[in-house]
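**Student:** got a sequence here, can you build the structure:
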Amino acid sequence: MNISYKKLWKLLIDKDMKKKGLEKAAGISNYVISKMTRNENITVETVGKICKVLNCTPNDMLEFVSVSE
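**Tutor:** Residues are numbered from 1 along each chain as shown. Coordinates of the predicted model:
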C-alpha cells in the first residue's frame, strides 16, 4: 500500500492556500511538504497539525492506494 496526498492538494486549491502557507500555518517544515509531494510517509503528529489548520480529517487529506504488482 502506498499513500497519496492528492486530496490534500485539492483541498489547498479549494481553500485558496499555497503549500508555503500551509507550511507556515501548521508549523511544519519544507522537508515535510517535499515528502508529501513525493507521496512519502509523514508522522501522525504532522497529519494532526495539518488537519487542525485546514479543519479537516485525515480522510479528507490522504488516502491509501494499492500497488499493482
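**Student:** would you map the strands across this protein?
**Tutor:** Using DSSP state E, the strands found in the chain span residues 2-4, 63-65.
**Student:** out of those, the one nearest residue 18 is which?
**Tutor:** Evaluated with CB to CB, these place strand 2-4 nearest to residue 18, the distance being 19.8 Å. Placement of C-beta: from N, CA and C, glycine included.
**Student:** what pairs with that closest one, parallel or antiparallel?
**Tutor:** strand 63-65 (antiparallel) (DSSP bridges).
**Student:** kindly reformat the strands of the chain as JSON lines containing distance to residue 33.
**Tutor:** Shown next, in JSON lines, are those (distance: least, CB to CB, whole Å):
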{"stretch": "strand 2-4", "distance to residue 33": "15"}
{"stretch": "strand 63-65", "distance to residue 33": "18"}
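**Student:** let me have these in JSON lines, adding mean pLDDT and mean neighbour count as columns.
**Tutor:** What follows is the strands of the chain, written out as JSON lines (pLDDT from 0 to 100; neighbours: other CB atoms under 10 Å):
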{"stretch": "strand 2-4", "mean pLDDT": "94", "mean neighbour count": "12"}
{"stretch": "strand 63-65", "mean pLDDT": "94", "mean neighbour count": "11"}
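**Student:** of these, give the one that comes closest to residue 41.
**Tutor:** Closest of the strands of the chain to residue 41 is strand 2-4, at 6.3 Å (criterion: CB to CB).
**Student:** pull the distance from that closest one to the chain's centre.
**Tutor:** Centroid separation for strand 2-4 versus its chain: 11 Å, with CA atoms, centre = their mean, to the nearest Å.
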